[in-house]
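Visitor: Quick one, what's the 3D model for this:
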Amino acid sequence: ARSARFRRLLGGQGVDDELRAVLRTGDRPWGVVSLFRMGGGPPFGTREITLLAGLSTPLADHLRRFARFAGPRSEPGDAPGLLLFDEYGEATSINEEARRYLALLPEGPSQPTALGFRLPIWLIGASLQARAIAHGHDRGSARIRIRTVDGRWLACRASCLSGPGGRPGPTALVIEPAPAADLAVIVTQAYGLTPREFEVARLVARGSATAEIAAALFVSPHTVRGHLKAAFAKTGVSSRGELVARLFTLRPKPAPTGPASWPSS
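Guide: Alright, predicted model coming up:
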């Protein structure tokens, strides 16, 4: 009952118990799943918890494959979208850029707003998390990524504003195309590259030769060639140019059907 997320999103729909799991492989979360029991049903028990925990890594391995196909490039003129929420998590203001981004989001759980559109619960949850962080009830940052129906990724960041005299103000949520540097890391990890293999690939993308990479990383040229060979095998390419194109060039590809959201680590 102390949870704003429960009061705002779940309690009014008759939810009595929730079981959540992060879908993780390695050190990165690739998704989250929430299961609900309605009022009057038994709470989730050890059997369900154990089952869901055992599915975490296999589901994460499957989900991360979708990130291998980056969406189309964002145009240089793409402006950030802005949404404002009051202290109760209700959307109160929106700019036209945010409306355009919302129109690109896949169908999924949503809530009606007084502004005449339905808002995905991922964005409402981010705004509520930002307020919890501001009040010292949570830590980290209220930041998520959402994939659009045309295959690109949007970065959404929420933070609480303050008013005159330090009084609490609205919560602002900014929606904008995910930075290319973020996407490069995501796509690289989606192929299962190690941090050192990614570092070698990044230096290759900068045009560095094998000897230069070896000197920069304090390893032998033979080790560099070994990392490149492993990266080639994991990404299914056979040359440096193909590796750079596969990891760092955003190409139009069809997005998977259905909703997709990605909490930041």
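Visitor: can we go C-alpha only for contacts and neighbour counts from here?
Guide: Noted.
Visitor: So which elements touch the lengthiest helix in the chain?
Guide: What stands out as the longest helix in the chain, according to DSSP state H, is helix 46-64. In terms of contact count using 3 or more Cα pairs under 8 Å, 6 or more residues apart in numbering; DSSP states H and E, helix 46-64 is assigned the packing partners strand 15-25, strand 28-38.
Visitor: other SSEs contacting the first one?
Guide: Counting by 3+ Cα pairs under 8 Å, 6+ apart, the packing neighbours recorded for strand 15-25 are strand 28-38, helix 46-64.
Visitor: any low-confidence regions in this structure?
Guide: Within the chain, the segments meeting pLDDT under 70 span 4-5, 8, 69-77, 249-265.
Visitor: which residues of it fall in helices?
Guide: Taking DSSP H as the test, the helices found in the chain are 4-5, 46-64, 96-103, 121-134, 180-190, 195-205, 210-217, 221-235, 240-248.
Visitor: Next, count neighbours for Gln13.
Guide: Other residues within reach of Gln13 by the criterion other Cα atoms under 10 Å amount to 12.
Visitor: typed the wrong thing, it's Asp138
Guide: Under the criterion other Cα under 10 Å, the count of neighbours that Asp138 has is 13.
Visitor: Ok, which of the helices of the chain comes nearest Ser34?
Guide: Put simply, out of the helices of the chain the one that sits nearest Ser34 is helix 46-64, at 10.1 Å, with distance taken as Cα to Cα.
Visitor: Not counting residues beside it along the chain, what's closest to Val244?
Guide: Closest residue to Val244 apart from its sequence neighbours, by Cα to Cα, 6 or more residues apart in numbering: Ala205 at 5.6 Å.
Visitor: that older thread, can you say which of the helices and strands packed on strand 15-25 is nearest to Ala211?
Guide: Distances from Ala211 to each of the helices and strands packed on strand 15-25 were compared using Cα to Cα; the shortest belongs to strand 28-38, at 31.4 Å.
Visitor: show me what contacts the spatially closest residue to Arg147 that is not a sequence neighbour?
Guide: Here the nearest residue to Arg147 in space, its sequence neighbours aside, is Trp153; by Cα to Cα, 6+ apart that works out to 4.4 Å. With Cα atoms under 8 Å, 6 or more residues apart in numbering as the criterion, the residues that contact Trp153 are Gly71, Arg145, Ile146, Arg147, Pro177, Ala178.
Visitor: what does Ser159 give?
Guide: Ser127, Ala130, Arg131, Ala134, Ala142, Thr171, Ala172, Leu173.
Visitor: what's the closest of these to Ser56?
Guide: Each of the contacts of Ser159 was scored against Ser56 by Cα to Cα, and Ala142 proved nearest at 22.6 Å.
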